[in-house]
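Peer 1: structure for this input, please:
(one chain, ligands or ions: 1)
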Amino acid sequence: MSDKLVDFHCHLDLFPDFEAKVRECDDLGIFTLAVTTTPRAWRRNEELASKTRHVRAALGLHPQLVASNGREIDLFEKLLPLTRYVGEVGLDAGPRFFRSMPQQRAVFGRILDACVSGEPKILSVHSVRATTEVLDMVERRLAGSGNQVVLHWFSGTRSEARRAVELGCWFSVNAQMMAKLKSKEIFAAEVPLEKVLTETDGPFSETNGKSSTPSNARESVMAFAEAYGLSHADASSQVLKNLRTLVG
Ligand code: MN
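Peer 2: Residues are numbered from 1 along each chain as shown. All right, here's what the predicted structure looks like:
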């Protein structure tokens, strides 16, 4: 099988050498979803990604930026018909962002409703300390719509994982989150390996003490393999197969 990698959630535009990173992903054959944090950042991502075979740009409005950039939801809705990929979107009820939760709910609600009104999308979704609420909104607003949700850096409980699987969610995993024994146990017990993709969340996650870059999707595959007791080769081909199933 191929040794190609999948990084289904990476902030390429937050690396100092953004354009070089896009080229690098394409040259190395890393299938990369370049998520964005504000709708204004999307056009440049789309422009660069559209020239590649392996990189796709996702339209995002990060929950941690909703307090400052929430008004860009109007631009988000305008751009949405131009893309198949959405992210990073979601909810963050962690201590630093808890206060903007009312606004985050309103924005994420509009995003989900907009996704239902057009062609189905693939969404990379953030759910820090808000897994149940994210799943409630996904269930209420996206059920039966054909939209596909990928839970990025899932950190919920075992029963939340089970519920997400029942709702048809996918999961993108990185080495940092899977280093926790609890995460490995939850995934192995509740998440079918057919629903797992890899990500790095670069530059935000760390691999061996350094900011992750898309080639660290290799460590994400290793973490997936370890959690599920697979060989590296089997884990790698499973992820590629899952990607093909998801994107068609
Ligand atoms: Mn992210």
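Peer 1: just checking, what packs against the worst-scoring helix or strand of the chain on mean pLDDT?
Peer 2: Lowest on mean pLDDT, DSSP states H and E among the helices and strands of the chain sits strand 206-207, with a mean of 91. Under the contact criterion of 3 or more Cβ pairs under 8 Å, 6 or more residues apart in numbering; DSSP states H and E, strand 206-207 touches helix 175-178. Any C-beta I mention is one placed from the backbone N, CA and C, and that applies to glycine too.
Peer 1: contact partners of the helix it packs on?
Peer 2: By Cβ atoms under 8 Å, 6 or more residues apart in numbering, the surrounding residues in contact with helix 175-178 are 153-155, 183-184, 187, 201, 205-207, 212, 216, 219-220, 222-224, 226-227.
Peer 1: give me that answer again for 10 Å
Peer 2: The set of residues external to helix 175-178 that reach it, using Cβ atoms under 10 Å, 6 or more residues apart in numbering, is 152-155, 171, 183-184, 187, 198-201, 204-208, 212, 216-227.
Peer 1: which of the residues in the next helix or strand along the chain from it are buried?
Peer 2: Next in sequence after helix 175-178, counting helices and strands by DSSP states H and E, comes helix 181-190. For helix 181-190, the neighbour count (16 or more other Cβ atoms under 10 Å) marks 183-184, 186-187, 190 as buried.
Peer 1: tell me what the next helix or strand after helix 181-190 is packed against?
Peer 2: Next helix or strand after helix 181-190 toward the C-terminus (DSSP H and E): strand 196-198. Taking 3 or more Cβ pairs under 10 Å, 6 or more residues apart in numbering; DSSP states H and E as contact, the helices and strands that strand 196-198 lies on are strand 5-10, strand 30-34, strand 148-152, strand 170-173, helix 217-228, helix 232-247.
Peer 1: which of the ones you listed is buried the deepest?
Peer 2: strand 5-10 (a mean of 29; mean count of other Cβ atoms under 10 Å).
Peer 1: show me which residues of the protein are close to the ion?
Peer 2: Residues of the chain found near the ion (Cβ under 5 Å from the ion) are 88, 201.
Peer 1: spatially central residue in the chain, please.
Peer 2: The chain has Ser124 as the residue nearest its centroid, 3.3 Å off, counting by Cα atoms, centre = their mean.
Peer 1: host element of the closest residue to that residue other than its chain neighbours?
Peer 2: Leaving out its chain neighbours, the residue that sits closest to Ser124 by Cβ to Cβ, 6 or more residues apart in numbering is Gly87, at 2.9 Å. Here Gly87, judged by DSSP H and E, is contained in strand 85-92.
Peer 1: now that strand: mean pLDDT?
Peer 2: The predicted model gives strand 85-92 an average pLDDT of 98.
Peer 1: pull out the buried positions in the helix or strand just after it.
Peer 2: Going down the chain from strand 85-92, the next helix or strand is helix 101-117, by DSSP H and E. By 16+ other Cβ under 10 Å, the buried positions in helix 101-117 come out as 101, 104-105, 107-108, 110-112, 114-115.
Peer 1: same question for stretch 87-94.
Peer 2: By neighbour count on 16+ other Cβ under 10 Å, the buried set for stretch 87-94 is 87-93.
Peer 1: still on that earlier bit, centre of the chain to the least confident helix or strand of the chain, how far?
Peer 2: Offset of strand 206-207 from its chain centre (Cα atoms, centre = their mean, to the nearest Å): 17 Å.
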